[in-house]
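# Kindly generate the corresponding structure for this input.
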Amino acid sequence: MVELKNEKIAIPVVLFAGILWSFGPLVVRYMTDPHLVPWQYIFGRGLTIFIILNLYLFFEEGINFYKNYKRVGKSGLIGGVGLGIAMISFIYSITNTSAAITLLCLAAMPFFTALLAFLFLKEKISLNVWISIIIATIGIIIMAAGNNEKNSLVGFIFGMTSSIGFSIFSVTLRWRKETPKFTTVAIAGLFCFLIAAIIIIIKGQSFFSSSYNSAMFSLHGVLVCLGLILYSIGSKVIAAAELTLLSLTEVIGGIFWVWLPLLGINEVPSTNTIIGGFFLFISLFYYSLIMRWNKRHIALN
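Predicted coordinates for the structure are as follows:
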């Protein structure tokens, strides 16, 4: 794997990873009736992620890359399933509510991770982290209160489920740090692929949507993989505080792209979403400062 030792180079690399991820909601909005083919989307995206990550591991490690699967263990399986559930929940969230709400739900992931780590790994949570969690909770409650429509509330619930799924993935990585992380993500892709295949067979549906939609499914999978690879390369030399702030480009960019009239979607966030999002960003900024003080580092590889 390419290793960066210069933070000035790593920062734009991580920024670009977040920007790549931010195009995901826009890709979904460009699909033709994605709410009618969610399992075909999950099938195509999961297969793309599984293939690309295994190809990446092959070129990085050679023919013996498959041995990573032998080292995955219980933590890798749980993490892969958690990430897979997050991926599945994402499409149901974004097709039932605004992209802004889905993305802001995902922005709450650090706090769910802290809570799960406290419950299952007995990691202590400082008073400052509890404060940031409370601020984020207020923001989430405000967003939920503004989702009175049935479908919108369903989208919010799936968004929170997706965030929790990502948090489970993060906690399993802390559980066993030697777990091969890219292989765990590949397992998530395989999980989505298999679950979607089973559901499609049970429902007697076609495995593929239109050629246009299938291309969009694969494009989203490519964006996820490329973002993960770039993020992991850049994260080696960047403190967690900076990484947290830099990763907000996914949330900020995702909301911006679907709002920008030039791109043809023009999805304007509701007042409650803007207010709740403001609380969430304040919480994330505060959390990032805490992480900087602790001088902790994170990485995805």
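
# got the contact list for the helix or strand hosting Ile202?
Assigned by DSSP states H and E, Ile202 belongs to helix 181-203. By Cβ atoms under 8 Å, 6 or more residues apart in numbering, the residues outside helix 181-203 that reach it are 39-40, 42-43, 45-51, 53-54, 56-57, 68-69, 71-72, 76-77, 79-84, 86-88, 169, 172-173, 206-207, 221, 228, 232, 300-301. C-beta: built from backbone N, CA, C; applies to glycine.

# Now it: buried residues?
For helix 181-203, the neighbour count (16 or more other Cβ atoms under 10 Å) marks 181-193, 195-197, 199-200 as buried.

# now stretch 161-179
161-176, 179.

# okay, it in CSV with CA atoms only?
Presented in CSV, the C-alpha positions along stretch 161-179 are these (Å, rounded to 0.1, in the frame of the first residue of the first chain):
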residue,chain,number,x,y,z
THR,A,161,-29.9,2.3,11.5
SER,A,162,-27.3,2.9,8.8
SER,A,163,-25.3,5.1,11.2
ILE,A,164,-25.5,2.4,13.9
GLY,A,165,-24.4,-0.2,11.4
PHE,A,166,-21.3,1.8,10.6
SER,A,167,-20.7,2.2,14.3
ILE,A,168,-20.8,-1.5,14.9
PHE,A,169,-18.2,-1.9,12.1
SER,A,170,-16.0,0.7,13.8
VAL,A,171,-16.3,-0.9,17.2
THR,A,172,-15.3,-4.3,15.9
LEU,A,173,-12.1,-2.8,14.4
ARG,A,174,-11.2,-1.5,17.9
TRP,A,175,-12.0,-5.0,19.3
ARG,A,176,-9.4,-6.7,17.2
LYS,A,177,-7.0,-4.1,15.6
GLU,A,178,-5.2,-6.8,13.6
THR,A,179,-8.4,-7.6,11.7
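
# Helix or strand: which one has Thr273?
helix 271-294.

# Return that helix as CSV; C-alpha atoms alone will do.
Output of helix 271-294 as CSV, limited to C-alpha atoms (Å, rounded to 0.1, in the frame of the first residue of the first chain):
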residue,chain,number,x,y,z
THR,A,271,-35.9,24.3,8.5
ASN,A,272,-35.8,21.5,11.2
THR,A,273,-33.0,19.7,9.2
ILE,A,274,-30.9,22.9,9.0
ILE,A,275,-31.4,23.6,12.8
GLY,A,276,-30.7,20.0,13.8
GLY,A,277,-27.8,19.8,11.4
PHE,A,278,-26.3,23.0,13.1
PHE,A,279,-26.4,21.3,16.5
LEU,A,280,-24.8,18.2,15.0
PHE,A,281,-22.0,20.1,13.4
ILE,A,282,-21.3,22.0,16.6
SER,A,283,-21.2,18.6,18.3
LEU,A,284,-18.8,17.2,15.7
PHE,A,285,-16.5,20.3,15.9
TYR,A,286,-16.4,20.1,19.7
TYR,A,287,-15.7,16.3,19.5
SER,A,288,-12.9,17.0,17.0
LEU,A,289,-11.2,19.4,19.4
ILE,A,290,-11.4,16.8,22.1
MET,A,291,-9.8,14.2,19.9
ARG,A,292,-7.0,16.7,19.0
TRP,A,293,-6.3,17.3,22.7
ASN,A,294,-6.0,13.6,23.2
